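Q: need a 3D model of the following:
(3 chains)
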Amino acid sequence: MHGNAKKTLRRIYRKLLAHFGPLNWWPGDTPFEIAVGAILTQNTNWGNVERAIANLKESKLLTPRALYAVPLKKLAQLIRPSGYFNIKAKRLRAFLEFLMKEYGGSMKRMFRTPLSELRERLLAVNGIGPETADSILLYAGNLPVFVVDAYTKRALSRHGLLDGNEDYETIRRLFEENLPRDVALYNEFHAQFVNLGKHYCRPRPLCDECPILSEKGAKN
DNA sequence: TGCCAGGCCGGGT
DNA sequence: ACCCGGCATGGC
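A: Got it, this is the predicted structure:
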């Protein structure tokens, strides 16, 4: 990114917020539900994830202990609407096993682990990659980690702020090093990027009319 | 109808 | 260190 990253990021944030208004994301009723949602939403529409979570709620299974006891095949059927249900059932199980064995099934206890150590441990769980780990840390744990997703990369690349070949960690550091270490800001900023992607930054219809970010060299 | 969705893993160069 | 196929349902 060019010289004035701080100003550029603040300007993008201001424009997103002005356009969409505050989104106040809280994608779940409990930290555990948010973690489950973070895994289920991998490359999947959130609407489908809501159905899967509704199934778990109706079955009274949306607690770590209850869900860990569900047989894998049954778990897969419950989360069927979220897509990739076989692989996601295994990924949920891997996270549940981690949570149960390391923290007795307590998200609160899990979040007492120092941040950088917890991030490493989450990344070591099969099925949890950088975006999923960071979503759990930020949205379930209220910890100051910036979540980078496909829309974030796409928007910054398309507007010339990134080359497009930067990796996840590079982009995450770009945000964390150029914004105040503020959980509410990280939360809202990522939510705004996702909303931008939904409306204006699809892969196919080139977002010529994107009203949010200014082109490289524009004044605002 | 075909493309896309808030990725990640495992195997191959 | 990249690159790619596979995973799968539901909305537009």
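
Q: only C-alpha atoms for contact and neighbour calcs from this point on.
A: Fine.

Q: which strand or helix spans residue A:163?
A: In the assignment (DSSP states H and E), residue A:163 maps to no helix and no strand.

Q: tell me the pLDDT of the nearest residue to it once chain neighbours are set aside.
A: Of all residues not flanking residue A:163 in the chain, residue A:157 sits nearest, at 5.9 Å (C-alpha to C-alpha, 6 or more residues apart in numbering). pLDDT, residue A:157: 86.

Q: and the residue minimising distance to the centre of chain A, what element?
A: Nearest to the mean C-alpha position of chain A, by C-alpha atoms, centre = their mean, lies residue A:135 at 3.8 Å. Following DSSP H and E, one finds residue A:135 within helix A:130-135.

Q: list the helices and strands that helix packs on?
A: Counting contacts by 3 or more C-alpha pairs under 8 Å, 6 or more residues apart in numbering; DSSP states H and E, helix A:130-135 packs against helix A:31-40, helix A:115-123.

Q: and those helices: which comes nearest DNA strand B?
A: In terms of C-alpha to the nearest atom of the strand, the element of those nearest to DNA strand B is helix A:31-40, at 5.4 Å.

Q: and that closest one, anywhere near DNA strand C?
A: No. Helix A:31-40 is not in contact with DNA strand C by C-alpha under 7 Å from any atom of the strand; minimum separation 10.3 Å.

Q: near DNA strand B at all, that helix?
A: Yes. Helix A:31-40 reaches DNA strand B (C-alpha under 7 Å from any atom of the strand) through residue A:38.

Q: distance from the chain centre to the helix or strand following that helix, please.
A: For helix A:31-40, the following helix or strand on the C-terminal side (DSSP H and E) is helix A:46-58. Relative to its chain's centre, helix A:46-58 lies at 17 Å (C-alpha atoms, centre = their mean, to the nearest Å).

Q: now stretch A:33-50
A: 9 Å.

Q: same question, stretch A:8-18
A: 19 Å.

Q: how about stretch A:77-94?
A: 18 Å.

Q: go through it and flag the buried ones.
A: Buried positions in stretch A:77-94, judged by neighbour count with 16 or more other C-alpha atoms under 10 Å: A:78-83, A:85, A:88-94.

Q: and if you look at stretch A:44-61?
A: By neighbour count on 16+ other C-alpha under 10 Å, the buried set for stretch A:44-61 is A:46, A:48-53, A:55-56, A:61.

Q: can you report phi and psi for residue A:141?
A: Backbone geometry at residue A:141, expressed as degrees, to the nearest 10, gives phi -100, psi -10.

Q: skip the chain neighbours and tell me the closest residue to residue A:61.
A: The shortest distance from residue A:61 to any non-neighbouring residue, by C-alpha to C-alpha, 6+ apart, is to residue A:67 (5.3 Å).

Q: swap that for residue A:55, please
A: Of all residues not flanking residue A:55 in the chain, residue A:78 sits nearest, at 6.0 Å (C-alpha to C-alpha, 6+ apart).

Q: show me the contacts for the one you found.
A: When contacts are counted by C-alpha atoms under 8 Å, 6 or more residues apart in numbering, residue A:78 touches A:52, A:55-56.
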